[in-house]
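J.: Everything below, folded, please.
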Amino acid sequence: SHSVRVGWFVRVSSQSLRRGARFAETMQAREELSVFRKYMVAAGLWDLMGKEEDTYTVFAPSDEAFAKLPDNIKKRIESKPEVMAAVVKIHIIPKETVSVANLDGHPMIVLPTMLSNKKVQFYRDGLGAAVMTNGHKGIVKVADIKSGNGILHVIDGVVVPATYSARLVAAIEEAEGKAGLLVQ
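T.: As a prediction, this is how the structure comes out:
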């Protein structure tokens, strides 16, 4: 067998993962992830995903998800490398390979992200599997894309860390003169 159930997670053996393309190659092949790739490169995280010894689960927002963000928010994120890095890191779960099947029998799984002390909730809702933090949610549109060192899920929303969420909401209010949600 190539997988072992450990607690809530199915650990996929490194031997079975290493047969495929590395994470970076898998993401490169996904046209709908060009913005997330751009953010990863700018944040200095692209090369990390190609390391053979590490495994990851990535909830990658599609280009369509980034397009939902107001232009002033995208500019704010892109103008500050530390904010861009935080937005990328909160979508990456290090050292775990978590598939949608891991939700079977569990109402929710809380996963530690690459962003220090920040977690996301992975659960099923009426629309399917979803990931959420701070009220920002992404529905999994393409699930369980296996790569040589992890699993990729394409989501339809951008999850924003709480630390930056307040700043981004303030930027929306300032630009639009009203409160607004970043991602619905």
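J.: residues in contact with the helix or strand encompassing A86?
T.: Here A86 is covered by helix 81-89, with elements defined by DSSP states H and E. Residues from elsewhere that reach helix 81-89 (C-beta atoms under 8 Å, 6 or more residues apart in numbering): 36, 39-40, 42-45, 76-78, 113-115, 118, 158-161, 163-164, 167. C-beta: built from backbone N, CA, C; applies to glycine.
J.: likewise stretch 105-117?
T.: In contact with stretch 105-117 (C-beta under 8 Å, 6+ apart) are residues 8-9, 45, 57, 86, 88-94, 96, 98, 102-103, 118-124, 161.
J.: looking at it, K137 is touching V131, isn't it?
T.: Yes: assessed by C-beta atoms under 8 Å, K137 is found in contact with V131 at 7.1 Å.
J.: Neighbour count for those two, which is higher?
T.: When K137 and V131 are compared for neighbours, V131 comes out ahead with 27 against 21, by other C-beta atoms under 10 Å.
J.: how about the helix holding A86 as CSV, C-alpha atoms only?
T.: Listed next in CSV are the C-alpha coordinates belonging to helix 81-89 (Å, rounded to 0.1, in the frame of the first residue of the first chain):
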residue,chain,number,x,y,z
PRO,A,81,6.4,41.7,-0.5
GLU,A,82,5.6,40.7,3.1
VAL,A,83,1.9,40.9,2.5
MET,A,84,2.3,38.9,-0.8
ALA,A,85,4.3,36.3,1.0
ALA,A,86,1.7,36.0,3.8
VAL,A,87,-1.1,35.6,1.3
VAL,A,88,0.8,32.8,-0.4
LYS,A,89,1.9,31.1,2.8
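J.: so what does the helix or strand that that helix is followed by touch, helix or strand wise?
T.: Next helix or strand after helix 81-89 toward the C-terminus (DSSP H and E): strand 92-94. Under the contact criterion of 3 or more C-beta pairs under 8 Å, 6 or more residues apart in numbering; DSSP states H and E, strand 92-94 touches strand 56-61, strand 108-112.
J.: what about 7 Å?
T.: For strand 92-94, the packing partners by 3 or more C-beta pairs under 7 Å, 6 or more residues apart in numbering; DSSP states H and E come out as strand 56-61.
J.: in its sheet, what does the strand it packs on sit against?
T.: strand 92-94 (antiparallel), strand 150-155 (parallel) (DSSP bridges).
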